[in-house]
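Chemist: Task: produce atomic coordinates for the following.
(one chain, ligands or ions: 4)
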Amino acid sequence: MKRKFVKLSLASLIMFAIANAAYAGDDGSQAYSSIGVAAAPIPGVGEYLTNLDNENNAGTGVADGDMDTYLYNTSSNHPVEFNINIPVSVAGRNGTLRMDVYDIDAAQGEIDKVYVNGKYVGTLNGRDGIWGVNIFDIPSGVLKTGKNKVRVDIDVKNKGNWATNIDWGMISLSKATTVSIDRGWVSPVRVKRGGYVNLFAEVSGPDIKGEQSSSEVGDGAGGGFD
Ligand SMILES: [Ca+2]
Ligand SMILES: [Ca+2]
Ligand SMILES: [Ca+2]
Ligand SMILES: [Ca+2]
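Modeler: Numbering: from 1, shown residues only. Ligands and ions are numbered 1, 2, ... in the order given. Have a look, this model is predicted:
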């Protein structure tokens, strides 16, 4: 009798352990939530938005449907990549990347790495089942005139357990505030004590005059979150 009692207890313990083992991953049940999604911002001066996928894994400039969808590392169109077009000179400019992202189970072990033109800028942060806007610094020397490729590698640690959804991305160029004086001169050269001269300076630096904002906006085919 005693032996039988021990067997039952072990079986009960095993069943209890199975019932209470939290599934370490996203099971797909959160895939369609659009509650709390942030509308894509209207780009201001020096801001460039992509709200519609425009790049694929092969880099041929064709959308592969990895934005506005709940994506796992194991999806054939993983990683997420899209281009943000900057039609002005960005020589020496740094900036920030903002993205609206969904269901980042950071506390549970989801690690999603973000790259701009191949340069690692950080990991996504967020919480289970909610949308949030992430902001990353982009150092100078990374941004290019024309296409800037943003890539998100989802669930790099477990590769298949965790999923997320990227709605839009926007790059904001830093404000160009610094110029340097290349040469200067005064006129007139001779002046009586107590008089005034004009000081002229030739400066160089980023030209923010005429800088335009641009955006690629639209509703993704198949009805994504916008
Ligand atoms: Ca892709
Ligand atoms: Ca893509
Ligand atoms: Ca989740
Ligand atoms: Ca997730």
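
Chemist: Enumerate the residues of the protein near ligand 4.
Modeler: By CB under 5 Å from the ion, the part of the chain that sits against ligand 4 consists of 26, 103, 105, 162, 164. Using the backbone N, CA and C atoms, a C-beta is placed for each residue, glycine as well.

Chemist: OK, contacts around the closest residue to the third one other than its chain neighbours?
Modeler: The reference is to residue 105. In this structure, residue 105 finds its nearest non-sequential neighbour in residue 128, 4.9 Å apart by CB to CB, 6 or more residues apart in numbering. If you count contacts by CB atoms under 8 Å, 6 or more residues apart in numbering, residue 128 has them with 30, 103, 105, 107, 108.

Chemist: of the residues of the chain next to ligand 4, closest to ligand 1?
Modeler: Comparing the residues of the chain next to ligand 4 against ligand 1 with CB to the ion picks out residue 164 as the nearest, at 13.3 Å.

Chemist: What average pLDDT does the one helix or strand the closest one maps to get?
Modeler: Residue 164 belongs to strand 163-173 when assigned by DSSP states H and E. The average pLDDT within strand 163-173 is 97.

Chemist: Quick one: mean pLDDT over the next helix or strand after that strand.
Modeler: Counting by DSSP H and E, the next helix or strand C-terminal to strand 163-173 is strand 180-187. Across strand 180-187, pLDDT averages out at 80.

Chemist: Report all helices and strands that strand 180-187 contacts.
Modeler: strand 198-204 (3 or more CB pairs under 8 Å, 6 or more residues apart in numbering; DSSP states H and E).

Chemist: Got a ChimeraX select line for the buried ones in the contacts of residue 128?
Modeler: Buried members of those, defined by 16 or more other CB atoms under 10 Å, are picked up in ChimeraX with:
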select :30,103,105
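
Chemist: Determine which two of the contacts of residue 128 are furthest apart.
Modeler: Greatest spacing in those, by CB to CB: 30 and 107 (15.1 Å).

Chemist: Apart from its chain neighbours, what residue comes closest to residue 86?
Modeler: Closest to residue 86 by CB to CB, 6+ apart is residue 48, at 5.2 Å.

Chemist: Any idea what the one you found is bridged to?
Modeler: Beta-bridge pairing for residue 48 (DSSP bridges): residue 171, residue 214.

Chemist: No further queries at this time; thank you.
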